[in-house]
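Student: all I have is the shape, not the residue letters:
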């Protein structure tokens with residue numbers, strides 16, 4: 001008889017379209033509802049995914065801890081993923097992702113005597129190609145897949161084997177297209193004003209359940225879940241009725257029980273996907289709105305990393321737990337991508353301000369050679385140029401009629417380095433859709449001052465655009481100061497924008513003229529690796545657009561652009577752009593009734609910083625990863641105790657380093673070049689073999 005494994009599963013949001021207090025209360029209600037169902041029906045099972053909300057619930061209801069743990073240990077409750085929060089996988093640093101997962105798993109192991117063995121990132125945006133390697137490193141047995149389409153194709157609603165760039169592979173399970181129900185019988189729009197009776201919900205769920213019987217497999221996975229919805233009443237009776245009508249056996253199950261039902265030979269016939277197959281759900285529209293939601297967690301992540309690096313060479317006080325709690329909330333996918341209302345934007349900003357003040361002030365140190373110069377400019381004085389041409393180090397700068405005409409690095413023409421552009425946006429929160437209207441502001445940009453010293457040269461430009469009547473409805477004011485800082489003896493250029501912006505239905509981007517106008521591909525950093533990106537074309541498919549996410553850096557092969565939390569990039573008309581602001585769009589979605597005003601969160605004053613490395617074409621991928629870490633740690637970083645890791649192969653990147661409570665040093669490493677190597681250090685008693693692209697944790701001392 002065909003067996004339908006029905007897995008009740010709730011994805012609990014920490015922050016999204018309602019205020020945080022509402023979510024806290026709603027999760028409490030839903031957890032209580034689940035426990036009542038467990039007591040009522042001895043066959044009922046349930047699957048959870050995050051540690052933070054469970055810890056919060058049990059802290060509020062300590063009398064329920066023993067009961068909760070008993071359901072876990074009997075197999076009726078199941079934890080998948082088990083991370084503190086379901087973090088965004090496009091925008092979180094490698095160290096922050098691993099810390100989030102391992103902290104959550106530790107809670108379940110030490111507090112509830114439960115070992116999480118199933119990987120999952122339900123509803124998270126981003127599916128990096130190195131995710132199977134991350135899952136293997138953590139110790140997951142298999143992966144419950146989610147949000148995994150290929151651009152322009154249907155979702156991967158099948159079981160499959162996923163191969164990372166490394167030798168790691170992971171078995172993945174996923175409900176077939178007709179074998180899932182989201183919303184427990186509610187309409188797709190949870191705010192639909194139409195009243196839905198319980199009978200209507202039951203009928204909808206029953207019809208969906210019966211479709212699963214059409215699947216040819218002897219064991220079929222059926223996932224039934226929601227986000228804010230209460231569980232449909234009478235679910236055991238619905239399973240019984242579906243069994244009678246279809247002849248299949250419907251049972252409450254777990255993802256683990258379903259996986260165990262699959263014979264070993266079954267996996268010989270499933271599809272295989274390698275790292276060259278792009279199955280990352282991009283959602284790039286999310287990455288260019290509510291920009292503070294991107295800048296804040298990036299700064300907090302790397303402030304913690306800077307503290308960890310510093311602890312290797314000096315005594316540093318242990319970071320307070322509330323600092324990590326704030327980071328896990330800020331990392332949550334619906335928080336970091338900006339899918340939230342104004343009240344939540346204020347909550348997240350307040351949480352960040354409170355948390356960053358808890359980070360101790362330490363000397364910024366890195367356990368590898370520094371690549372970025374000191375851009376301090378206190379010795380600079382205003383320069384009165386007596387010529388149109390300024391030569392500074394390897395840079396030749398052409399200035400005429402108060403305009404920056406061009407820059408040359410050695411013999412390479414760089415035009416004007418970068419300029420701001422605007423585009424009329426008519427997309428939703430998740431898509432990129434534009435009219436034919438766009439605007440470059442290069443013709444308005446004039447030089448405000450030139451300041452020079454022994455080591456650095458600053459060129460500051462400015463412009464103001466208020467001619468919104470000639471553009472499009474929604475555009476009001478854009479004012480900007482741009483500072484370019486050149487450093488003698490360095491191929492790096494520091495870029496800083498101070499922007500004041502009022503408007504809506506508009507996207508603001510930095511167009512990198514320094515990258516040229518003949519690009520159709522580039523390389524973008526992803527967690528623990530990088531991948532080629534192409535110029536996606538806007539389409540009706542909400543999963544794709546003309547933009548792609550970037551972690552710390554994007555390289556054209558000749559130059560590299562480093563960012564501090566502005567991951568929305570695109571290849572448009574042969575040029576490279578970084579999308580820095582996307583004001584409230586005309587159609588966010590039916591769940592976000594947002595009215596664009598001058599009070600919207602992406603309006604007002606903003607500061608953006610970037611770094612250009614003109615010699616990146618001569619550097620390895622490993623060096624680019626290290627340079628990205630160094631740049632995000634902040635200014636004035638020094639290489640202290642580099643000799644500690646002098647024997648580390650050049651192609652191995654240190655993503656995180658810290659001392660544990662016993663004083664042992666813990667390193668999170670990955671191979672970035674695609675070749676075998678051995679790390680031998682007799683002084684440290686290390687002899688570690690690295691496979692191509694392998695992620696590895698190493699303890700010593």
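Tutor: Thanks, I have it. This one's a predicted model, so the numbers in the text were calculated from it and none came from an experiment.
Student: list of residues touching stretch 471-482?
Tutor: 418, 420, 422, 424, 435, 437, 439, 441, 445, 448, 460-466, 468, 495-506, 508, 583, 586, 596, 598 (Cβ atoms under 8 Å, 6 or more residues apart in numbering). Just so you know, the C-beta spots here come from the backbone N, C-alpha and C atoms, and that holds for glycine as well.
Student: give me the number of residues near residue 447?
Tutor: Counted with other Cβ atoms under 10 Å, the neighbours of residue 447 add up to 17.
Student: try residue 40
Tutor: Neighbours of residue 40 (other Cβ under 10 Å): 9.
Student: over to the one 5 residues further on?
Tutor: Burial of residue 45 is recorded as 25 neighbouring residues (other Cβ under 10 Å).
Student: let me know the pLDDT of the residue lying closest to it once chain neighbours are set aside.
Tutor: Sequence neighbours aside, residue 252 is the residue nearest to residue 45 in space, at 4.5 Å (criterion: Cβ to Cβ, 6 or more residues apart in numbering). On the pLDDT scale, residue 252 is placed at 98.
Student: is residue 252 in a bridge, and if so with what?
Tutor: residue 6 (DSSP bridges).
Student: over to residue 671?
Tutor: With DSSP bridges as the rule, residue 671 is bridged to residue 652.
Student: contacts only, for it.
Tutor: Neighbours of residue 671 in contact, by Cβ under 8 Å, 6+ apart: 166, 651, 652, 653, 677, 690, 691, 692, 693, 694.
Student: filter the contacts of stretch 471-482 down to the buried ones, ChimeraX style.
Tutor: Only the buried members of the contacts of stretch 471-482 enter the following ChimeraX selection, criterion being 16 or more other Cβ atoms under 10 Å:
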select :418,420,422,424,439,441,445,460,461,462,463,465,468,495,496,497,499,501,502,503,504,505,506,508,583,586,596
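Student: most widely separated two among the contacts of residue 671?
Tutor: 653 and 691 (14.6 Å; Cβ to Cβ).
Student: ok, these two, which is more surrounded?
Tutor: More crowded of residue 653 and residue 691, by other Cβ under 10 Å: residue 653, with 25 against 16.
Student: the closest residue to that one other than its chain neighbours: neighbour count?
Tutor: Nearest non-adjacent residue to residue 653, counting by Cβ to Cβ, 6+ apart: residue 625, 4.5 Å away. Other residues near residue 625 number 24, with proximity taken as other Cβ under 10 Å.
Student: helices or strands up against the longest helix along the chain?
Tutor: In the chain, taking DSSP state H as the definition, the longest helix is helix 20-40. Applying 3 or more Cβ pairs under 8 Å, 6 or more residues apart in numbering; DSSP states H and E, we find helix 20-40 packed against strand 46-48, helix 51-60, helix 65-74, helix 342-356.
Student: elements contacting the first one?
Tutor: With contacts defined as 3+ Cβ pairs under 8 Å, 6+ apart, the secondary structure elements packing on strand 46-48 are strand 3-10, helix 20-40, strand 77-79.
Student: closest to residue 306 out of these?
Tutor: Closest to residue 306 of the helices and strands packed on strand 46-48, according to Cβ to Cβ: helix 20-40, at 28.1 Å.
Student: now do that closest one and helix 342-356, the angle between them.
Tutor: On the basis of axes from the mean of the first three to the mean of the last three Cα atoms, to 10 degrees, helix 20-40 is oriented at 100 degrees to helix 342-356.
Student: in helix 20-40, what's buried?
Tutor: With burial defined by 16+ other Cβ under 10 Å, the residues of helix 20-40 counted as buried are 20, 23, 26, 27, 30, 31, 34, 35, 37, 38.
Student: so residue 355 is in contact with residue 323, correct?
Tutor: Yes. Using Cβ atoms under 8 Å, residue 355 is in contact with residue 323, at 5.4 Å.
Student: what residues do these two have in common as contacts?
Tutor: Joint contacts of residue 355 and residue 323 (Cβ under 8 Å, 6+ apart) are residue 300.
Student: give the contact list for residue 519.
Tutor: Counting by Cβ under 8 Å, 6+ apart, residue 519 touches 535, 556, 571, 574, 575, 576.
Student: about what we covered before: closest one to residue 48 among the helices and strands packed on strand 46-48?
Tutor: Nearest to residue 48 among those is strand 77-79 (5.5 Å), distances taken as Cβ to Cβ.
Student: which residues touch that closest one?
Tutor: 38, 45-49, 68, 71-72, 108, 114, 116, 118, 254-256.
Student: before we move on, what about stretch 253-271?
Tutor: By Cβ under 8 Å, 6+ apart, stretch 253-271 touches 3, 5-7, 45, 47, 75, 78, 80, 117-118, 141-142, 144, 158-161, 171, 173, 219, 221.
Student: repeat that for 7 Å
Tutor: 5-7, 45, 47, 75, 78, 80, 118, 142, 144, 158-161, 171, 173, 219, 221 (Cβ atoms under 7 Å, 6 or more residues apart in numbering).
Student: list the buried ones in that stretch?
Tutor: Those would be 253, 254, 255, 256, 257, 258, 259, 261, 262, for stretch 253-271 by 16+ other Cβ under 10 Å.
Student: against residue 272, how distant is the third one?
Tutor: So the one you mean is residue 255. Computed as Cβ to Cβ, to the nearest Å, the residue 255 to residue 272 distance reads 21 Å.
Student: how about the second one?
Tutor: Computed as Cβ to Cβ, the residue 254 to residue 272 distance reads 26 Å.
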